[in-house]
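# Quick one, structure for this:
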Amino acid sequence: MDVLLQQVINGLVLGSMYALVALGYTMVYGIINLINFAHGEVLMVGALCSWSVIGFLQPLMPDAPGWVLLLISMVLASIAAAALNYAIEKIAYRPLRNAPKLAPLITAIGMSILLQTLAMIVWKPNYKPFPVLLPTTPFEIGEAVITPTQLMILGLTVVALAVLSWLVNRTKLGRAMRATAENPRVASLMGVKPDVVISATFIIGAVLATIAGVMWAMNYGTAHHAMGFLPGLKAFTAAVFGGIGNLGGAVLGGVLLGLIESIGSGYLGELTGGVLGSHYTDILAFIVLIVTLTLRPSGLLGERVADRA
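Numbering: from 1, shown residues only. So this is what the prediction gives:
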């Protein structure tokens, strides 16, 4: 029972990070019907920018608390990632908006490889240990434990989701996003500027990806140029699992995928008689993707057009 509780905690933490990245996929898809496969690399750039900022600030502010350095680095990394995602949309995707569906998809994959290569040139291809900025003493919950870093991940995810929900449902930009998702041409006739809305969507997605990237680096203690590929792919799986284009679906899909992976890794060895160990966890995400696409292509919650933004 204590193993199950521990795996549920780990699954919620992992699922929170998937949910934040999946929201970026689902928002962009909801508005311009594009799967932005470069989104995982925005997560990687955010994490590496944060690592660089912390490395720069630590000698200048030796007495500063860890959370202050973390906050400053996260804000600056979010700005850098938002500028990058804005540039990607303007340079790579905007000229292809009316092109056949395959063109932007191939461009997105090309952009992903380009960003990985540029990151390898700028930050070198070695693994970078991410500084420990928060206390490491874990809190006990029954027989299971949760670290301050994991608590921060869960708390920050809840705050980010609440802010996003308020933004989409209660603000002028949110109304413009929902209108553009439903019918861009009619929205533009009503005075909404689709280009501005699409750019804003990419910027919001970049900020969420940066938060997830910094959390990922903190949770696993390392950052490197290829770190965004697999989380990006799994977050896409989570978005499809929940119902791509649906915000609630992205969150649900992310959390469920995290739980499936985490609980699966705890019991995979036992269930397969030792044939598959916990290092085969990655197959679970893609089994979920295949089963979802086969049995329920629209995802668990389906696609609600009016709420796609």
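# Do you have the helices of the stretch 201-309 of the chain handy? List them.
Applying DSSP state H, counting those that start in this stretch to the stretch 201-309 of the chain gives helices spanning 229-242, 247-271, 282-295.
# And for the stretch 51-200 of the chain?
Under the criterion DSSP H, counting those that start in this stretch, helices of the stretch 51-200 of the chain are mapped to 66-88, 102-123, 148-170, 172-182, 184-189, 194-220.
# out of the ones you listed, deepest packed?
By mean neighbour count, with neighbours taken as mean count of other CB atoms under 10 Å, helix 194-220 ranks first of the helices of the stretch 51-200 of the chain at a mean of 23. (Glycine included, C-beta is placed from N, CA and C.)
# That one packs against which elements?
helix 2-32, helix 39-60, helix 66-88, helix 148-170, helix 172-182, helix 184-189, helix 229-242 (3 or more CB pairs under 8 Å, 6 or more residues apart in numbering; DSSP states H and E).
# Give the residue spans of this protein that score low on pLDDT.
1, 269, 271-275, 277-278, 303-309 (pLDDT under 70).
# one more time with 50, if that's ok
Applying pLDDT under 50 to the chain flags the ranges 305-309.
# hang on, the earlier thing: and Val28, which of the helices of the stretch 51-200 of the chain is closest to it?
Closest approach to Val28 among the helices of the stretch 51-200 of the chain (CB to CB): helix 194-220, 6.0 Å.
# Please compute how far the closest one lies from its chain's middle.
Counting by CA atoms, centre = their mean, to the nearest Å, helix 194-220 is centred 7 Å from the centre of its parent chain.
# from what I can see Leu115 touches Met44, true?
Yes: with contacts counted by CB atoms under 8 Å, Leu115 reaches Met44, the gap being 7.5 Å.
# just to revisit the earlier point, go through the helices of the stretch 51-200 of the chain and name the closest to Gly249.
helix 148-170 (13.0 Å).
# how big is the angle separating the closest one from helix 247-271?
If you take axes from the mean of the first three to the mean of the last three CA atoms, to 10 degrees, helix 148-170 sits at 150 degrees to helix 247-271.
# Now find how far off-centre helix 148-170 is within its chain.
Counting by CA atoms, centre = their mean, helix 148-170 comes out at 13 Å from the chain centroid.
# Fine by me, thanks again.
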